[in-house]
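Undergrad: next one to model:
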Amino acid sequence: LQKVKNYLEKLLSSVCSKNKQLEEDLKREQQWYEEQKQILDSLTKIEEEAKSQVEQPSTKSALNDLKNKMLRLKTYKKELLSALGEFLDEHFPVPETGENTQKKKSSAEPAVELITLQEILEMLINKLFSTPHEPYVTINESFWPPYIEMLLRCGMALRHPKDPKRLRLYAFHK
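TA: You can find the predicted model right below:
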């Protein structure tokens, strides 16, 4: 019985020492965990600051890229419009009011000045992009009927389904 008692006392002392050692290890591990957590938090903050600093120049460079693209597109648009204007001036001259139209109208009414095909196309394009929900332009006496018929026959323009005096550009971009 004495032997068993001595054995159990030794066992108790070894378990107590092991328990103390484990408690000390636990304290060290908890302290290490807290230190690692603080390091991780500080690194996360540094990373966020670095990202925000990196994002600002990248947005600036992206903004500059977009500005450059817009400038190139504007110059390309100007070139296209000037080429279109030259083509229209060469192949579709300004309609002149002939003697036939003057005979039909009385001398009291002034003759209406007809607009060029380029002006008609500009009106149609501007109307289509400024008010896409209502792209129709009302045709009046200043529109030369052969130009209107040509636009309709070529499929560049469409009449309003209910009002034949209204015209719109065919939406090629859709």
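Undergrad: low pLDDT regions in this protein?
TA: Applying pLDDT under 70 to the chain flags the ranges 55-58, 97-110, 174.
Undergrad: quick one, helices of it?
TA: With helices called from DSSP state H, the chain shows them at 2-91, 99-104, 117-130, 145-154.
Undergrad: could these go into JSON lines alongside mean neighbour count and distance to residue 138?
TA: Using the backbone N, CA and C atoms, a C-beta is placed for each residue, glycine as well. What follows is the helices of the chain, written out as JSON lines (neighbours: other CB atoms under 10 Å; distance: least, CB to CB, whole Å):
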{"stretch": "helix 2-91", "mean neighbour count": "10", "distance to residue 138": "22"}
{"stretch": "helix 99-104", "mean neighbour count": "9", "distance to residue 138": "21"}
{"stretch": "helix 117-130", "mean neighbour count": "16", "distance to residue 138": "10"}
{"stretch": "helix 145-154", "mean neighbour count": "13", "distance to residue 138": "12"}
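Undergrad: now distance to residue 171 too, for these, in TSV please.
TA: Written out in TSV, the entries for the helices of the chain read as follows (distance: least, CB to CB, whole Å):
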stretch	distance to residue 171
helix 2-91	18
helix 99-104	33
helix 117-130	7
helix 145-154	14
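Undergrad: and the ones you listed: which comes nearest residue 139?
TA: For residue 139, the closest of the helices of the chain is helix 145-154, at 6.4 Å, according to CB to CB.
Undergrad: which other residues reach the closest one?
TA: Around helix 145-154, the neighbours that count as contacts under CB atoms under 8 Å, 6 or more residues apart in numbering are 92, 95, 117, 120, 139, 157-159, 167.
Undergrad: outline the domain layout of this structure.
TA: What the TED database lists as the domains of the chain is 1-55, 56-92, 113-173.
Undergrad: distance from stretch 127-139 to the middle of the chain?
TA: Mean-position distance between stretch 127-139 and its chain equals 22 Å (CA atoms, centre = their mean, to the nearest Å).
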